[in-house]
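>>> coords below, sequence missing:
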């Protein structure tokens with residue numbers, strides 16, 4: 001559960017810092033976390049004051065509500081949230097074409113909420129109980145979070161440095177994916193920045209955590225070995241390799257870099 005909370009906080013921070021869009025987050029993660037919606041709204045409305053991005057968030061949120069309602073009655077709680085957010089944005093976006101067009105398409109939203117409330121007469125406790133069950137359902141398992149973070153790195157939506165050190169250290173695939181995208185884009189600056197981040201993470205590991213240290217060292221050597229074919233001769237890369245040779249002379253007894261044991265990029 002602690003690991004899951006780490007991932008949830010990570011994704012929330014990525015949304016709040018506009019690193020990923022609300023629609024980049026899979027539906028099954030969005031639907032259980034209203035915080036992601038509010039953060040996405042806050043970025044578009046308050047930080048960027050971007051009417052188009054605000055409308056994009058709202059359209060995705062309303063589509064999600066439609067999907068949720070396929071399995072149950074009209075969700076007045078979520079539809080009220082949508083209505084409140086739109087009303088709150090009017091002082092900022094009124095007069096902007098994309099916002100005005102979106103608002104004109106939502107004339108039925110308030111009516112549908114009122115009608116749903118009337119239809120719920122005599123069964124509010126049952127509906128409230130269903131709503132609570134949906135909200136308290138476990139968001140997702142750790143592996144599902146990791147898969148999406150990997151995808152965001154591989155699709156260049158976020159950087160390795162956007163992920164907390166604790167998550168990086170316990171999920172070594174993130175380094176490999178970061179190296180791969182930087183290598184494929186032939187971006188030596190970012191490639192070396194991520195190698196240096198890995199070195200910092202190695203220094204942060206406690207001495208008694210021998211297995212973790214060895215694993216990250218192997219990934220570091222893999223990053224340098226497979227980086228040679230793309231970046232050898234580039235000053236930034238060559239300086240980094242020179243520094244590592246000086247620091248770990250025992251690993252460089254022969255010409256060139258040691259072939260990695262396990263990890264191929």
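It's in. This is a predicted model, so every value here is computed, not measured.
>>> quick one, helices of this protein?
For the chain, applying DSSP state H gives helices covering 2-16, 27-30, 34-42, 51-69, 76-93, 97-104, 107-119, 124-136, 142-154, 165-170, 173-184, 188-204, 210-231, 235-247.
>>> buried set for the shortest one?
Okay, so that is helix 27-30. Across helix 27-30, burial judged by 16 or more other CB atoms under 10 Å covers 29-30. All C-beta spots, glycine's among them, are computed from the backbone N, C-alpha and C.
>>> and it, what other elements does it pack with?
Contacts defined by 3 or more CB pairs under 8 Å, 6 or more residues apart in numbering; DSSP states H and E place helix 27-30 against helix 34-42, helix 51-69, helix 142-154.
>>> quick one: those as JSON lines, columns for distance to residue 26 and mean pLDDT too.
Converted to JSON lines, those look like this (distance: least, CB to CB, whole Å; pLDDT from 0 to 100):
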{"stretch": "helix 34-42", "distance to residue 26": "11", "mean pLDDT": "90"}
{"stretch": "helix 51-69", "distance to residue 26": "11", "mean pLDDT": "92"}
{"stretch": "helix 142-154", "distance to residue 26": "6", "mean pLDDT": "78"}
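>>> could I get these in TSV, plus columns for distance to residue 106?
TSV is the format used below for the helices and strands packed on helix 27-30 (distance: least, CB to CB, whole Å):
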stretch	distance to residue 106
helix 34-42	15
helix 51-69	8
helix 142-154	30
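>>> now these in TSV, with mean neighbour count and distance to residue 24?
As requested, these are exported to TSV (neighbours: other CB atoms under 10 Å; distance: least, CB to CB, whole Å):
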stretch	mean neighbour count	distance to residue 24
helix 34-42	20	10
helix 51-69	18	10
helix 142-154	17	7
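>>> buried sites along stretch 167-179?
Buried residues in stretch 167-179 (16+ other CB under 10 Å): 167-169, 171-172, 174-179.
>>> now, among these, which is nearest to residue 190?
Proximity of these to residue 190 (CB to CB) peaks at residue 178, which lies at 8.2 Å.
>>> ok, the nearest residue to residue 62 once chain neighbours are set aside - contacts?
With CB to CB, 6 or more residues apart in numbering as the criterion, residue 62 has its nearest non-adjacent residue at 6.0 Å, and that residue is residue 82. Residue 82 makes contact with 58, 61-62, 65, 109 under the criterion CB atoms under 8 Å, 6 or more residues apart in numbering.
>>> what sits against the nearest residue to residue 7 once chain neighbours are set aside?
Once flanking residues are discounted, residue 7 sits nearest to residue 145: 3.5 Å by CB to CB, 6+ apart. By CB under 8 Å, 6+ apart, residue 145 lies in contact with 4, 7-8, 10-11, 29.
>>> neighbours of residue 195, how many?
Here the number of neighbours of residue 195 (other CB atoms under 10 Å) works out to 24.
>>> doesn't residue 241 make contact with it?
No: between residue 195 and residue 241 there is no contact under CB atoms under 8 Å: 9.2 Å.
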